[in-house]
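Student: Here is a sequence together with a model predicted from it:
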Amino acid sequence: MTRGAPITGLSHVQLLVTDVQVSAAWYAVALGLEPYVEDVDNGYIALRHRGARVVIVLTSRAEATTDEKLNAGRLDHMAFAVPDDSVLQTWAGHLTEMSIEHDGVVLESGNFSLQLRDPDGIAIELVAPGASIRHQ
């Protein structure tokens, strides 16, 4: 039997961004994240979503180490779970009101999905279980 690592959850996701302040404002509006830890002198802001216990750290590309700069752009997307498609529909309306571009809620691989991009083009996906999955 293979044992898994003693992982208890997601600690954080760290993203290299062009403008930390602009990205922080976008994540606050688009995903409802709130300020958590900020060190402007060192070029980063950490944001969190209390309910989901998710932390996203935004680091200025100018402050990134050589290794971080070499690895920039390798992230395909981040996906966050949401309860159901009605929540996605409501959130899509909110994003539209806030002038954040998206293609609306779609059914993708059996799940409802809302996809958008942050100011640096990083793909963000909100995913709800499909109807067939919820009713099993």
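Tutor: Yep, that arrived. These numbers come from a predicted model, not from an experiment.

Student: what residues are up against Leu75?
Tutor: Leu75 sits next to 15, 122 when contact means Cβ atoms under 8 Å, 6 or more residues apart in numbering. Every residue, glycine included, has its C-beta placed from N, CA and C.

Student: In which helix or strand does it reside?
Tutor: Element membership for Leu75 (DSSP states H and E) is empty, with no helix or strand holding it.

Student: how near is it to Glu34?
Tutor: 22 Å (Cβ to Cβ, to the nearest Å).

Student: Skip the chain neighbours and tell me the closest residue to Met98.
Tutor: The shortest distance from Met98 to any residue that is not its chain neighbour, by Cβ to Cβ, 6 or more residues apart in numbering, is 5.1 Å, and that residue is Val29.

Student: so what's Leu116 bridging to?
Tutor: Listed beta-bridge partners, Leu116: Ile124 (assigned using DSSP bridges).

Student: how close does it sit to Ala52?
Tutor: Leu116 sits 17 Å away from Ala52, going by Cβ to Cβ.

Student: Good, wrapping up.
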